[in-house]
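> Structure of the sequence below:
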Amino acid sequence: MGQLSEIENELLDMGYRIVAVSPDRPAKLTETIEAIDLPYTLLSDSSMTGAKSLGIAIQFNELKVAMYKLGNNDIESASGQDHHLVPVPTVFIVDKSGVIRFVHSDPNHRIRLEAQALLTAAKLVFGL
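Predicted structure coming up:
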């Protein structure tokens, strides 16, 4: 999401609305929103219902959960759940009628869609 700031104004000028969905519980999101001035909508999917319905939920095993905790990233505390589900980082471009026109998803959390690639996809969907 950090790279999004590079192209955010262009996306907004094209008429896009930016919405991010987090596995964190609402109280945790409030802390994030207050700590960082987010210019876009941030929603909670701590139950992972949305991620599961989109096919982008993966389950961590106990070892992975413990490793994350050692790295100061407690997914149970953040989500308020013990399901050990996390979303695969995914970008959707949805048109005004609700049809998904573009998807980028990679289960490797280190691989994210480059900002310029997202902007190019948005322009193609928008017809520019």
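> helices and strands around the top helix by length along the chain, which ones?
Ranked by residue count under DSSP state H, the longest helix found in the chain is helix 115-126. Judged by 3 or more Cβ pairs under 8 Å, 6 or more residues apart in numbering; DSSP states H and E, helix 115-126 is in contact with helix 4-13, strand 90-94, strand 100-105. (C-beta placed from N, C-alpha, C; glycine too.)
> who wins for proximity to Q116 among those?
Among these, helix 4-13 comes nearest to Q116, with 7.3 Å by Cβ to Cβ.
> Can you pull the phi and psi angles for R112?
phi -120, psi 150 (degrees, to the nearest 10).
> Name the nearest residue to it, ignoring sequence neighbours.
P89 (5.9 Å; Cβ to Cβ, 6 or more residues apart in numbering).
> Just confirm the one you found contacts I58, I think it does.
No. Here P89 does not reach I58: they are 10.6 Å apart, not a contact under Cβ atoms under 8 Å.
> More neighbours: those two, which one.
P89 (17 against 14; other Cβ atoms under 10 Å).
> quick one, what contacts that one?
P89 sits next to S105, D106, H109, I111, R112 when contact means Cβ atoms under 8 Å, 6 or more residues apart in numbering.
> could you redo these as TSV and give each row pLDDT?
Converted to TSV, these look like this (pLDDT from 0 to 100):
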residue	pLDDT
S105	94
D106	92
H109	81
I111	85
R112	87
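> could you flag which of these are buried?
R112 (16 or more other Cβ atoms under 10 Å).
> Let me have the contacts of P89 in TSV, extended by distance to P26.
Putting the contacts of P89 into TSV (distance: Cβ to Cβ, whole Å) gives the following:
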residue	distance to P26
S105	25
D106	27
H109	23
I111	28
R112	25
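> mind checking pLDDT for the residue nearest to R112?
According to the prediction, P89 has pLDDT 92.
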